[in-house]
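Colleague: 3D model of this:
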Amino acid sequence: MSIVNPGSEGPAREKAFAVLDAAGRGGVEEVEIRRELEAEIGAKELDAALRTLSERGRAAQVEGRWYAVEHTPWAVGVIDPVDTGDALLRPGYRQEPELFIRRRNLNGALAGDTVLVRRMGRSAKPTD
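Modeller: As a prediction, the model looks like this:
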């Protein structure tokens, strides 16, 4: 039986992220990350670490594989609707918008929902 101590999730989270980061664009099968880390940090701690990484937009699970979002064409953020029905994607509630999402691409996402989106098109370039 493992016991989760307050504050113990930080090191577990960083170990889990290190495995995902080292895997790069290919990600890691869930069974692989469990095999590698459960004995060291425990199943409950690993679950909590992966959940927190996902909630904070640092990791995503897609079809049984975990990825460090920074190595993917995806972005994770919070939906912030605008008057036209379109929305902005913010990495966090009080952070600057990162992407613009057309109303037709929201797929039912509502204000405050945390979503995983695939970046499409060109990156925005600052004007002089």
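Colleague: sec struct for Ile79, please.
Modeller: Three-state call for Ile79 (DSSP: H, G, I helix; E, B strand; the rest coil): strand.
Colleague: OK, contacts around it?
Modeller: When contacts are counted by Cβ atoms under 8 Å, 6 or more residues apart in numbering, Ile79 touches 87-89, 101, 106, 109-115. (Each C-beta comes from the backbone N, C-alpha and C, glycine too.)
Colleague: Over to the most centrally placed residue in the chain: give its phi and psi.
Modeller: The residue lying closest to the centre of the chain (Cα atoms, centre = their mean) is Gly57, at 2.9 Å. Phi and psi for Gly57, reported as degrees, to the nearest 10, are phi 80, psi 20.
Colleague: For it, give me its contacts.
Modeller: Applying Cβ under 8 Å, 6+ apart, we find Gly57 in contact with 69, 75-77, 91-92, 114.
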